[in-house]
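Trainee: got a predicted structure plus its sequence, pasted below:
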Amino acid sequence: MVDIKPFRALRYAKVSPGDMGDVTSPPYDVFNDELQDLFYKKHPSNIVRLIQGKKESNENNDEARVTRAIEFLKNWKKEGILSIDENPCLFPYRQTFTLPDGKKLERNSFFTTVKLEEYGKGEIFPHEQTFPKPKGYLLDLWGRSGAHLGPIFSFYDDAQDLAINSLSLSISNTNLLADFEEEGVRHELWFCDDKNIIDSVKSSLTGKDIFIADGHHRYETSLNLHELQVEKEDKDNMESHYTLMCLANLKDPGMIILPTHRMIREINTTIPDFLSSISKYYNVVEEPDPGENGGKLVSDKLKKLSIDNNSSVFCFSDGKGVLRYLIRKGNQEEKERNPLDTLDVSLLQSEIIDDGLKASHDDGNMSFTPDPEEALSFARTEEFKAVLLLNSTPIDSVCEIAKNGGKMPHKSTYFYPKLRTGLVIHPFSSPAID
C-alpha cells in the first residue's frame, strides 16, 4: 500500500508568506537563460541557485555549478536562511489560477513524503518516457546536496476527497507559510503537525493508486539515490526510503491538463505533398486564420469538431492565412487498437509529424506551448514552418495507460499550473540534514 509520511522540511526561515515568491521558482526543467536571469535577480537566496545554477562559459559539464549549489546550501543553512522544522508536518497547498479561456479555478493538494516503490511492484505508476541526461544531473545534484530539492506532482482517485477535507481543518492564518501571486497563479501554503489529522490523511490513502503527473525524472532519480544509500551501507537512513511529493485528487475541479501544441522549425516536404500524404486518414477542412486573439476560437473549434465527429482532430497552420483542420477518418479496425496508439498525441506524432511532415523530434527543431494564441502567433513568423494544435489528453486515459504499463509520447500532458519549487525541501542526508 502507498506509505506517506510527514517530514521535517528544510525551509526558508526568515521570509514572510507574502515574500515567498522572491525565493521560490518554477520547476528546474522549465528554465531557459532568460528565466534563469530573472530568478537570479529576484533574491540573492532564490532557489534557482540550487536547482538550476548558472554555468560559466568555460565549463563543459555540470560539476562546477553543482559544487556551487552545494556551497550555497551549506552557507544558507549556516546563516539561518534555510532551517529544518522541529516537527514532522504535512503541508496543505492551494493554487488559484485562470485558464487561457478565462475560467478561474483552484487546485488543492499537499506536500508529503512517499515511500519509494519500483515501477510495477506497487501502487505508483508513471505515464511518460524519461531520458538519461536530466537524471544524471539530478543524481549528482541531489546526491551531493542530500536533499530532494524539487517535488514530484502526483494524483490519486478519491470521490470523497477525505485527505484534502481532513487537511482543510488545519488551515488558518496562524499556520500560513506562503501567500503570493506570480504569473497569474496565487500560491498558498500551510503546515499541519496535528497527529490526528495526519493519521486521517494516511488512512484515507490506504489502497489508493498514485499516478505521477510531473516529475518522472525526479522520481527515478530518487530511486537511484536510495540504491546508492544502500550500497554505502547506510541502511538505517530511513529518509532516503522516501521522496518529496505533492499529492492532489483526480476529482479536484482544478486538476487540469492543457494541450501541448507543437511548433516545428523545419519540415522535409511541401505543404501540398503533406496534405496529399495524409488524405488516406484525414479529411481536411480549411478556414481563414482568425488572426490575433483567435486562439480561443481555434481551441473551441477543435473540441467541437472532435465531439461532432467522435474522432481525433488537429489544426495545422503554416502561417499563410489559412487554417486546416485535420479530422481523422475512423473504421472498425481502429477500435481494436491499443489505447496508447489511438491517443491524439500518438497519432499526431506518428501520422502527422513523422509520416506527413517528415520532421525531426529533436529539441532544436520543435518547441511546445499550452497557449493556442502563442502557437498561432509563432506560425506567422519565419522561425517556424508548421504549427499543430490539438486537444488535451483526458486524465482518464493517462490513468488507463499508466495502469497497463504504457508510456506516452514526450510532452503528452501539460498539468497546469506547475508546482512552485522551494516551498519545502526534503533533506535525507548530509549536508542538507546536518
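Mentor: Received the coordinates, thanks.
Trainee: buried sites along stretch 390-406?
Mentor: 390-393, 395, 397-399, 401-402, 406 (16 or more other Cβ atoms under 10 Å). From N, CA and C alone the C-beta is placed, and that goes for glycine too.
Trainee: show me those residues that map onto helices.
Mentor: 395, 397-399, 401-402 (DSSP state H).
Trainee: could you pull out the helices for the stretch 201-350 of the chain?
Mentor: 216-231, 271-277, 295-309, 344-347 (DSSP state H, counting those that start in this stretch).
Trainee: tell me which of these sits most buried.
Mentor: Of all the helices of the stretch 201-350 of the chain, helix 344-347 has the most neighbours on average by mean count of other Cβ atoms under 10 Å, namely a mean of 22.
Trainee: which single one of the buried residues of stretch 390-406 is nearest to Tyr414?
Mentor: Tyr414 has its nearest neighbour among these in Ser392, at 7.6 Å by Cβ to Cβ.
Trainee: isn't that closest one up against His261?
Mentor: No - between Ser392 and His261 there is no contact under Cβ atoms under 8 Å: 10.3 Å.
Trainee: quick one, domains of this protein?
Mentor: If you go by automatic domain parsing, the domain ranges for the chain are 4-256+416-427, 260-391.
Trainee: how far off centre is the longest one?
Mentor: Spelled out, that is domain 4-256+416-427. Distance of domain 4-256+416-427 from its chain centroid, counting by Cα atoms, centre = their mean, to the nearest Å, is 11 Å.
Trainee: that domain: end-to-end distance?
Mentor: End-to-end distance for domain 4-256+416-427: 16 Å, by Cα to Cα, to the nearest Å.
Trainee: stretch 249-262 now?
Mentor: Terminal residues of stretch 249-262 lie 29 Å apart, using Cα to Cα.
Trainee: name the residues of that stretch that are buried.
Mentor: The neighbour-count check on stretch 249-262 (16+ other Cβ under 10 Å) flags 249-250, 252, 254-262 as buried.
Trainee: quick one, what contacts the closest residue to Gly364 other than its chain neighbours?
Mentor: Leaving aside its sequence neighbours, Gly364 sits nearest to Arg265 (Cβ to Cβ, 6 or more residues apart in numbering; 7.5 Å). By Cβ atoms under 8 Å, 6 or more residues apart in numbering, Arg265 lies in contact with 364-367, 383-385.
Trainee: filter those down to the ones in helices?
Mentor: Checked against DSSP H, the contacts of Arg265 include nothing in helices.
Trainee: please check those and keep the buried ones.
Mentor: Applying 16+ other Cβ under 10 Å to those flags 366-367, 384-385 as buried.
Trainee: pull the most distant pair out of those.
Mentor: Between any two of the buried ones among the contacts of Arg265, the greatest separation by Cβ to Cβ is 12.2 Å, found for Ser367 and Lys385.
Trainee: now Asp363: how far from Asp140?
Mentor: From Asp363 across to Asp140, the span is 21 Å (Cβ to Cβ, to the nearest Å).
Trainee: make that Lys407, sorry
Mentor: For Lys407 relative to Asp140 (Cβ to Cβ), the value is 25 Å.
Trainee: for this structure, longest strand please?
Mentor: strand 104-115 (DSSP state E).
Trainee: and that strand with helix 216-231, angle?
Mentor: When axes from the mean of the first three to the mean of the last three Cα atoms, to 10 degrees is applied, the directions of strand 104-115 and helix 216-231 differ by 20 degrees.
Trainee: since that was my last question, I'll sign off now.
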